[in-house]
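J.: Return a 3D structure for these sequence lines:
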Amino acid sequence: MAMSISNGMITIDLPPDLQWVDEFGWSAVEQIKEYSLTGALIVQQGVKAKGRPFTLKSNGASWVKRSVVEQIQAFYNTPGNVFTLTIDGTSYSFLFERPDGFIASEVGRLVRSAQGPDYPFTIEIKGFEVAV
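T.: Have a look, this model is predicted:
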C-alpha cells in the first residue's frame, strides 16, 4: 500500500507496509433511533460528509528511519494545518488527532547520541478526514 503525507510543499513517503487498522471500522451512514411519545420507533439516517478515521500503525513490522520520524513530528507540531494523506492513489484532507496523533518508539535501546538518521523506529499516526 503506497502512502504519503504532504503539507503542500513537502511530501513524506510513509512505509508501504504500515497497516491502516481502522480502514473498515467506519461507516459513512449515521443512524439515530428514538421513541416518540406514542412509543413508535423513529429512525433517522444520513450520510456523513467527512470524519473518516485513519490509524496507521507499524505493528512492530514496519520500521521508519529517525529522519522520517523527525519530519512527521514537525508536521504533527504544526497547529491548524490540514495535510494531504494519500493511500494507494486516493487523497484525503487530514488532521492529526490530538493528543496522541503521532507516537514513535525506538526499535532498540540506544542512547540518543548514538542514534543516526537511519536509526529504526515504529510509528503510529492517528487522525481523521476533514472537509476543506
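
J.: doesn't residue 71 make contact with residue 10?
T.: Yes. Using CB atoms under 8 Å, residue 10 is in contact with residue 71, at 7.2 Å. Every C-beta, even on glycine, is put in place using the N, C-alpha and C of the backbone.

J.: neighbour-wise, which of these two wins?
T.: Between residue 10 and residue 71, residue 71 has the larger neighbour count (other CB atoms under 10 Å), namely 17 against 10.

J.: Enumerate every residue touching that one.
T.: The contact partners of residue 71, taken as CB atoms under 8 Å, 6 or more residues apart in numbering, are 10, 12.

J.: Can you report how many residues neighbour residue 56?
T.: 25.

J.: Am I right that it falls within a helix?
T.: No. Secondary structure of residue 56, determined by DSSP: H, G, I helix; E, B strand; the rest coil: strand, with no helix assignment.

J.: Model confidence at it, what's the number?
T.: The model reports residue 56 with a pLDDT of 97.

J.: quick one: it from residue 44, how far?
T.: According to CB to CB, to the nearest Å, residue 56 and residue 44 sit 33 Å apart.

J.: can you pull out the helices in this structure?
T.: Along the chain, counting by DSSP state H, helices occupy 66-76.

J.: Longest strand in it, please.
T.: strand 120-129 (DSSP state E).

J.: So what are the sheet partners of that one and their directions?
T.: Strand pairing for strand 120-129, determined by DSSP bridges: strand 53-57 (antiparallel), strand 64-65 (antiparallel), strand 90-96 (antiparallel), strand 102-106 (antiparallel).

J.: okay, the angle between that strand and helix 66-76?
T.: Counting by axes from the mean of the first three to the mean of the last three CA atoms, to 10 degrees, strand 120-129 lies at 30 degrees to helix 66-76.
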